[in-house]
Each structure stands twice: as C-alpha cells, then as structure tokens.
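Peer 1: from the sequence below, what's the structure:
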Amino acid sequence: MPHAPLSLPRRALLLAALLPSPAVHAQEAWPTRTVRLIVPYAAGGFADTRARKIADALGKVLGQPVIVDNRGGAGGVTGTDVIAKATDGHTFGFGSPAPLVTNPMLMKKMPYDAEKAFKPIILIEEAPLFLTIAPNQSFKSVKELVDFARANPGKLSYGSSGVGGAHHLSAELLAYDTRTEMTHVPYKGGALAATDLMGGHLAFMFEMGYAALPSIQAGKIRALAVSSKKRLKVLPDVPTLDEAGIKGFESYNWLGMIAPASTPDAVIARLNQAVNEALKQSDIRQMIEGSGGIVAGGTPEAYGKFIAQERAKWGPIIKNAKITLE
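Peer 2: So this is what the prediction gives:
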C-alpha cells in the first residue's frame, strides 16, 4: 500500500534531521585560512622547537598552513596576552606554567585574567627536571644532599634560569618538602647557570632534560634524581625523587595549547583531535621522549583540570618562599 505524501512541516523536520547540526558544520568547515600559533618565547628554545614540529603536522591534518609566531617577553606574558586578545578565530598558542600559573602569583599586575581569558585545548608534554650536581660534589644520593642541607642551613647553593621559573620552583619545592634552607642564585638563562654548575660554583641545579642530558652523558655533571612520577627511558638508572625519599615529589615544565575564551567549542574539539593525532607520529614522540619529556595528549577538560591542580600546588610554595617578580 503506497505511503501518503509527507506534509511540508514533516518534510522540513526530516530534512533538518538529515543535515548536520551547526556545531558539526562549523567543526568541519574550520579552518578556512592560515592558523597562527603563538609561542610566547624566543625562537630556538624549548617551546619553539616543539611548536614548529607540531605546526607542520597540524597543517597536514587541518588542511591549512599553521605558522609559528614567536612573541617573547615578560616570562611568557607578552605572547600569552596576544593569545588572550585574539579575535580572528584562527589564532591560538602554547600555554606553559609561567604565564598561566606562576606569573599571576608573582606579578602585581597582569594584562589578562589567566583563569578566565583562555580555553584549554590539550596538554602536549610534561617535561620533568633532573636534579643535577657539580662534579666536585661528594653527594651520592638525594638523602646525602638533604642531610647536608639540614645540618648546614643556607650553605648549599643552587642555580636557576631566573626567579620563578621551573628550575627555581623545583628547588623551592624540595626545600619545602624537606624543611631545609638553601641559597638560590638566579641567572639570566639556564645555560649560564649550567656552566657555573659544571665549573663547581654551584652545588646543584634542577635542569630540563633537553639541556642536561648531553652533559650528564658526557660525565660533566651527575644526575641524582628526576622529578617525574616514573623513571625515564633516556636515563633508566636515575631514580625519581619519590624513590629517593621525597615522597610525592613531582615537577614539570609542561607545554599545552590554549585558545582565546571566545573560541567555539567545536573549534576546540577540532584542534584537540588534530593535536592528539599529531602526537601519535613517531618523529614527534621521539623529539619529546628523546630529550626526557613525556608525551601527554588527552581532552581539553583533562588539561583544564591539570592547570587547576598546578595552581593549587604552586601557590603555597610561592607564598612560603615569599617569591615575587616586582
């Protein structure tokens, strides 16, 4: 028996059900032109090398060019402010601890509200730090270093790339957890501090893997421990700080991708999917893991929760040590 023809309202409803929703359409249509990826640090550094590799992979996945735009200055704040104020729908950037978590605690004035100005896209990498010591130091373990620090308040000196950075705060976390007093010597860059460490002018230093590994492997410095939750494949014999007796110790100089708060959720989802896909590529995984990093990935929600946990973690450390950038 033939079916009765559909009325116009029923035809319209059926057609609407068959067509993609506006959100799906927006997700499929985006991007419509070149995507700009802001790196809030100078060219050639840790964040920049990651960004350029990932930008190339993203361009292939998204079907549009992805260009890296370096906007260094003010500990990452200058470039991160560019991300916060972008309104073109095609500008995003790298998020890291200083401009998103610690600088808002260290600076009296910020050009953006770090908790409201952005949407998280994805955590890309967790980069742990190695606790390294000078070759002229006799410490054979973290316990020996901590025992000396307890018996000699202020006599152990450690270097950093500057006040409030991952090198500095990792050492402050160690001092906080062990209830010890150590002397901070800030430098204008991690390389300068590392040089003085190798020369025996500093007792120890927390260093990122990409910078420390060549010197460790060459015997110029020694690694007592690493700040990750698990041991790293690049140096499997180096224990974690948790294994070394500092229970629960973790510290990372992480990288993720963030978007202006006005970015549609469909675009966030598209970028998240694209970066997760890029992080599966062997060359990108080798770039991260080969320098002591940990490949992350995951959902925007997981990255947002991670950032919130970082704020809760570092706030008491900064307050206890009375650290400021003013």
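
Peer 1: got the contact list for L58?
Peer 2: L58 makes contact with V35, L37, V66, L271, A274, V275, A278 under the criterion C-beta atoms under 8 Å, 6 or more residues apart in numbering. (Each C-beta comes from the backbone N, C-alpha and C, glycine too.)

Peer 1: my guess is the first one contacts P65, does it?
Peer 2: Yes. Distance between V35 and P65: 7.2 Å, which falls inside the contact criterion (C-beta atoms under 8 Å).

Peer 1: note down every partner strand of the strand ranked longest in the chain and its orientation.
Peer 2: Scanning the chain for the strand with the most residues, using DSSP state E, yields strand 118-126. Using DSSP bridges, the strands paired with strand 118-126 in its sheet are strand 255-260 (antiparallel), strand 294-295 (antiparallel).

Peer 1: could you say which one of those strands comes nearest to L232?
Peer 2: Minimum separation from L232 across the strands paired with strand 118-126 (C-beta to C-beta) falls at strand 294-295, 7.9 Å.

Peer 1: please, where are all the strands along the stretch 101-250 of the chain?
Peer 2: 118-126, 129-133, 157-160, 183-186, 204-208, 222-226 (DSSP state E, counting those that start in this stretch).

Peer 1: and the closest residue in space to L106 that isn't next to it in sequence, what is it in contact with?
Peer 2: Closest residue to L106 apart from its sequence neighbours, by C-beta to C-beta, 6 or more residues apart in numbering: L325 at 4.4 Å. L325 makes contacts with G75, N103, L106, M107, V163, G164, as judged by C-beta under 8 Å, 6+ apart.

Peer 1: PyMOL command for the buried members of those?
Peer 2: Listed next is the PyMOL selection for buried residues among these, using 16 or more other C-beta atoms under 10 Å:
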select buried, resi 75+103+106+107+164
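
Peer 1: in a markdown table: the contacts of L325, plus distance to P316 and pLDDT.
Peer 2: Listed next are these as a markdown table, based on distance: C-beta to C-beta, whole Å; pLDDT from 0 to 100:
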| residue | distance to P316 | pLDDT |
| --- | --- | --- |
| G75 | 20 | 90 |
| N103 | 17 | 95 |
| L106 | 14 | 94 |
| M107 | 18 | 94 |
| V163 | 17 | 93 |
| G164 | 15 | 92 |
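
Peer 1: tell me the confidence at E125?
Peer 2: For E125, the pLDDT comes out at 98.

Peer 1: for it, give its distance to Q281.
Peer 2: Distance, E125 to Q281, using C-beta to C-beta, to the nearest Å: 14 Å.

Peer 1: and these two? Which one has more around it.
Peer 2: E125 (25 against 16; other C-beta atoms under 10 Å).

Peer 1: okay, the strands paired with strand 118-126 in TSV with distance to M208 and mean pLDDT next?
Peer 2: Shown next, in TSV, are these (distance: least, C-beta to C-beta, whole Å; pLDDT from 0 to 100):
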stretch	distance to M208	mean pLDDT
strand 255-260	11	98
strand 294-295	12	98
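
Peer 1: okay, the ones you listed, which one's buried deepest?
Peer 2: strand 255-260 (a mean of 24; mean count of other C-beta atoms under 10 Å).

Peer 1: any idea which helix or strand comes after that one?
Peer 2: The first helix or strand that comes after strand 255-260 along the chain, using DSSP states H and E, is helix 265-278.

Peer 1: what comes up buried for that following helix?
Peer 2: So for helix 265-278, counting by 16+ other C-beta under 10 Å, buried means A266, V267, I268, A269, R270, L271, N272, A274, V275, N276, A278.

Peer 1: pLDDT wise, what is the last one at?
Peer 2: In other words, A278. 96.

Peer 1: also the third one?
Peer 2: On pLDDT, I268 comes in at 98.

Peer 1: if we can go back for a sec, make CSV from the buried residues of helix 265-278 and add distance to R52 to it.
Peer 2: Written out in CSV, the entries for these read as follows (distance: C-beta to C-beta, whole Å):
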residue, distance to R52
A266, 26
V267, 22
I268, 22
A269, 24
R270, 21
L271, 17
N272, 20
A274, 16
V275, 14
N276, 19
A278, 12
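
Peer 1: what's the closest of those residues to L145?
Peer 2: Closest to L145, out of all of the buried residues of helix 265-278 and judged by C-beta to C-beta, is V275, at 38.3 Å.

Peer 1: please, where are all the helices along the stretch 151-300 of the chain?
Peer 2: Listed in chain order, the helices found in the stretch 151-300 of the chain under DSSP state H, counting those that start in this stretch are 166-178, 190-198, 209-217, 265-278, 282-289, 300-321.

Peer 1: out of those helices, nearest to D147?
Peer 2: Judging these by C-beta to C-beta, what sits closest to D147 is helix 166-178, at 9.5 Å.

Peer 1: quick one: buried residues of that closest one?
Peer 2: Those would be A166, H167, H168, L169, S170, A171, E172, L173, L174, A175, D177, T178, for helix 166-178 by 16+ other C-beta under 10 Å.
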